[in-house]
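Colleague: Build me a model from this:
(one chain, ligands or ions: 1)
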Amino acid sequence: MRGMQIHFLGGATTVTGSQFLITTERAKVLVDCGMFQGSPNESIRNRIPFAFEPAELDAVVLTHAHLDHCGLLPLLVKSGYNGPIHATAGTAELATLVLLDSGHLHEEFAKREARWERRNPDRAAAEDKEEIAAYQAAVDLAAAGGSEEAVAETADAPKLGVEAATAVAESMTAEAASPDTGEHVETTIEPEPPHAWPSDPEADLRTQPPAIDIDLDEPLYTVLDARQALEHLRPIDYDQEREVAPGVWATFLDAGHILGSAIIRLRIREQDGGQELVVVCSGDLGRPGTPIIRDPTYLTAADYVLVESTYGGREHEPQDEAIRVLAETIRLVADAGGVLLVPSFAIGRTQEVVWELDRLIDRGEIPPLPLYLDSPMASKASDVYRHHSEYFDAETAQLLRDGDTPLDYPGQIITNDVRDSKAIEHAPRPYMIVASNGMLTGGRVVGHLRHLIDDPNATILFVGYQGEGTLGAHLQAGARTVRLDGQPREVRCKVRSISGFSAHADESELLDWLGRFVAGKHPGDPGYPRRVFLVHGDPEAQIALEPKVRALGLATHIPHWHERVTLE
Ligand SMILES: [Zn+2]
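Modeller: This next block holds a predicted model:
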């Protein structure tokens, strides 16, 4: 080991699986421990053993409660980690919902897949073979990802046997599927478009033909594993510095992304009295002006910055335009006596959409259509939001003081039961449904899509990012046929998108946030970042963003998966 290092173990040239290991001579701190989601070739990475010995880790610091940032914590604890997981109180409460649900879903998937395998032994055997191959490809990619050191370290890591390797997890979000949906949902039919980095092994992995039907012999982790991980959560207030490991002090700052979300600033000293480095991890960076929660914090000094890059190369439409399109879409659906389906992530986006709908009703801009909130997770998350009014921005705090209930839409119908969810299709039209998950990779929203996809009176309204290769991305791109439950289905419903509700900063906002680090400074000045690492972005976004970050006068690097970088 020489000096301080960062090991990029997830969220590297992809938007999921965030996991960054910071190592000094006397400390090991993990920033986030997220689940890989999206295509099966992404989620197979969840099965690869940790690139470090979990028991040797001093601390975990968690930026926020989305599954792609916290989803592997149960596995980390199950694999021997016994230390604290530092997070804001809001994140701790939301992570409790997310991880218990995730454990439950992994158990359900495992049971369902076991039943399916018994019924289809031949197909199961063939798929096992494919999965082993995909797993091995991911292991090889991880090994090839970094320096020679990284390869050596991976070689020392415990190898999974064939038996374990066949138990490959399907990607799932926190609310990925209710037991009645999502069985062998095929989400793509068109080949993936060519990637911008043809020589990138990571891109090669992702463009392999998707092995859609995946069998699960054992869950990635269980509810009990999740419960055990949750016992390690140690709430921390915003803006309070805490020594989380020998010579590593962490401060959590408002990130404006979802309730409790944080930018984490790490002050790191290799030895007592020695050189100090400041590493700022943006986590997922929100947008100024996002409803409900406060705006992201601007920082002005760091030695190294890890910045998310989800929306590199793209600008969101102005918030006003987003609200105008939302209102117009609802009015059209109302006039046509149709159905509006809004696929939405349960935490963050759903609360914002409900908040905006409540404002539109208050202002008389939309008719009061019934709203089905078809996500038990979303309704529990809304409860957590209500408990944490101390995190609200001035506007929402004022609404509360005025006696408004900004987190509730008048006449909303919360469906917790799967039967109630199924019954929605018989409800008198027009009506709206907000259901999880946001990228149509699973969950109750897929059940609604089955009934609505070929209905010209239905409108699907996307309000968030659609990951590469997901069904949501295909629909958004205008696909006229998609594969659902293994069957080709004609797309006859209307498809609209709003980007202005994103929980992520767009390119200008990312550059504005980064620009504060260099304002009024020259390279080499104290606090002038020596390098900015672009993380949490698909390759196209990162390639688009990088030259603009350089134009600010910042040195950049796009780390690939399992790359290890020494900080000097
Ligand atoms: Zn997030």
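Colleague: Can you give me the end-to-end span of stretch 282-297?
Modeller: Its start and end residues considered, stretch 282-297 measures 10 Å (C-alpha to C-alpha, to the nearest Å).
Colleague: Look up how far residue 365 lies from residue 407.
Modeller: 19 Å (C-beta to C-beta, to the nearest Å). Every residue, glycine included, has its C-beta placed from N, CA and C.
Colleague: Which one's more surrounded, the two?
Modeller: Neighbours were counted for residue 407 and for residue 365 using other C-beta atoms under 10 Å; residue 407 has more, 22 against 16.
Colleague: Tell me if that one really is in a strand.
Modeller: No - counting by DSSP: H, G, I helix; E, B strand; the rest coil, residue 407 is not part of a strand but coil.
Colleague: So it is in contact with residue 292, correct?
Modeller: Yes - counting by C-beta atoms under 8 Å, residue 292 is a contact partner of residue 407 at 7.5 Å.
Colleague: Spit out the residues that contact those two alike.
Modeller: Shared contacts of residue 407 and residue 292 (C-beta atoms under 8 Å, 6 or more residues apart in numbering): 351, 355, 385.
Colleague: Give the closest residue to the second one in space, chain neighbours not counted.
Modeller: To tie it back to what came earlier, the one meant is residue 355. Take residue 355 and drop its neighbours on the chain: the residue closest to it by C-beta to C-beta, 6 or more residues apart in numbering is residue 291, 4.6 Å away.
Colleague: Could you do residue 530 as well?
Modeller: residue 303 (5.6 Å).
Colleague: Give the helix, strand or coil label for residue 373.
Modeller: strand.
Colleague: Just the shared contacts of residue 407 and residue 292: which are in helices?
Modeller: 351, 355, 385 (DSSP state H).
Colleague: residues touching the second one, list them.
Modeller: When you say that, I think you mean residue 355. Neighbours of residue 355 in contact, by C-beta under 8 Å, 6+ apart: 291, 292, 396, 406, 407.
Colleague: For the ion, what is the nearest residue in the stretch 401-550 of the chain?
Modeller: Closest contact between the stretch 401-550 of the chain and the ion, by C-beta to the ion, is at residue 503 (6.5 Å).
Colleague: How about the secondary structure of that residue?
Modeller: Going by three-state DSSP: residue 503 is coil.
Colleague: How about the contacts made by it?
Modeller: The contact partners of residue 503, taken as C-beta under 8 Å, 6+ apart, are 257, 258, 284, 286, 287, 290, 348, 349, 352, 464.
Colleague: Nearest to residue 20 among the residues you listed?
Modeller: Distances from residue 20 to the contacts of residue 503, taken as C-beta to C-beta, are shortest for residue 284 (13.4 Å).
Colleague: And for the closest residue to the closest one other than its chain neighbours, the neighbour number?
Modeller: Using C-beta to C-beta, 6+ apart and skipping the chain neighbours, the partner closest in space to residue 284 is residue 257 (4.3 Å). Other residues within reach of residue 257, judged by other C-beta under 10 Å, total 28.
Colleague: Report how many residues lie close to the residue nearest to residue 355.
Modeller: For residue 291, the neighbour count with other C-beta under 10 Å is 20.
Colleague: From residue 396, how far out is it?
Modeller: 7 Å.
Colleague: what mean pLDDT does stretch 315-335 have?
Modeller: Summarised as a single mean, pLDDT over stretch 315-335 is 93.
Colleague: Low-confidence regions, the stretch 1-150 of the chain specifically.
Modeller: The stretch 1-150 of the chain contains residues with pLDDT under 70 at 1-2, 40, 146-150.
Colleague: Break down it into its strands, ranges please.
Modeller: Ranges of strands within the stretch 1-150 of the chain are 4-10, 19-23, 28-31, 59-61, 85-87, based on DSSP state E, counting those that start in this stretch.
Colleague: and those as CSV, adding mean neighbour count and distance to the ion?
Modeller: Converted to CSV, the strands of the stretch 1-150 of the chain look like this (neighbours: other C-beta atoms under 10 Å; distance: least, C-beta to the ion, whole Å):
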stretch, mean neighbour count, distance to the ion
strand 4-10, 25, 13
strand 19-23, 23, 14
strand 28-31, 24, 14
strand 59-61, 27, 15
strand 85-87, 26, 13
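Colleague: can you put those strands in CSV and add distance to residue 133?
Modeller: Formatted as CSV, the strands of the stretch 1-150 of the chain follow (distance: least, C-beta to C-beta, whole Å):
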stretch, distance to residue 133
strand 4-10, 22
strand 19-23, 24
strand 28-31, 30
strand 59-61, 32
strand 85-87, 34
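Colleague: of all these, which lies closest to residue 451?
Modeller: Here strand 4-10 is closest among the strands of the stretch 1-150 of the chain (C-beta to C-beta), at 35.8 Å.
Colleague: Between strand 19-23 and that closest one, find me the angle.
Modeller: Angle of strand 4-10 versus strand 19-23, following axes from the mean of the first three to the mean of the last three C-alpha atoms, to 10 degrees, is 160 degrees.
Colleague: end-to-end on stretch 263-277?
Modeller: For stretch 263-277, the first-to-last residue distance is 16 Å (C-alpha to C-alpha).
Colleague: so which of the shared contacts of residue 407 and residue 292 comes closest to residue 563?
Modeller: Closest to residue 563 out of the shared contacts of residue 407 and residue 292 is residue 351 (35.7 Å), distances taken as C-beta to C-beta.
Colleague: what's the closest one in contact with, if anything?
Modeller: Residues in contact with residue 351, defined by C-beta under 8 Å, 6+ apart, are 259, 292, 378, 381, 382, 385, 407.
Colleague: Of these, which is the nearest to residue 75?
Modeller: Closest approach between those and residue 75, by C-beta to C-beta: residue 381, at 22.6 Å.
Colleague: Regarding the closest one, what is its secondary structure?
Modeller: Assignment for residue 381 (three-state DSSP): helix.
Colleague: For it, give me its contacts.
Modeller: Contacts of residue 381 by C-beta under 8 Å, 6+ apart are 94, 97, 259, 346, 347, 348, 350, 351.
Colleague: Could you dump these into TSV and include distance to the ion?
Modeller: Formatted as TSV, those follow (distance: C-beta to the ion, whole Å):
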residue	distance to the ion
94	11
97	14
259	11
346	12
347	8
348	7
350	13
351	13
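Colleague: would you list the residues you listed in a markdown table and tack on distance to residue 514?
Modeller: Output for the contacts of residue 381, formatted as a markdown table (distance: C-beta to C-beta, whole Å):
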| residue | distance to residue 514 |
| --- | --- |
| 94 | 27 |
| 97 | 32 |
| 259 | 24 |
| 346 | 30 |
| 347 | 26 |
| 348 | 23 |
| 350 | 29 |
| 351 | 28 |
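Colleague: With respect to residue 223, which of those is nearest?
Modeller: Closest to residue 223, out of all of the contacts of residue 381 and judged by C-beta to C-beta, is residue 97, at 12.4 Å.
Colleague: How confident was the prediction at the residue lying closest to the closest one once chain neighbours are set aside?
Modeller: Ranked by C-beta to C-beta, 6+ apart and with sequence neighbours excluded, the top spatial neighbour of residue 97 is residue 380, at 5.2 Å. As predicted, residue 380 sits at a pLDDT of 93.
Colleague: what's the neighbour count on residue 380?
Modeller: Residues near residue 380, counting by other C-beta under 10 Å, number 20.
Colleague: what do you get for residue 237?
Modeller: By the measure other C-beta under 10 Å, the count of residues near residue 237 is 11.
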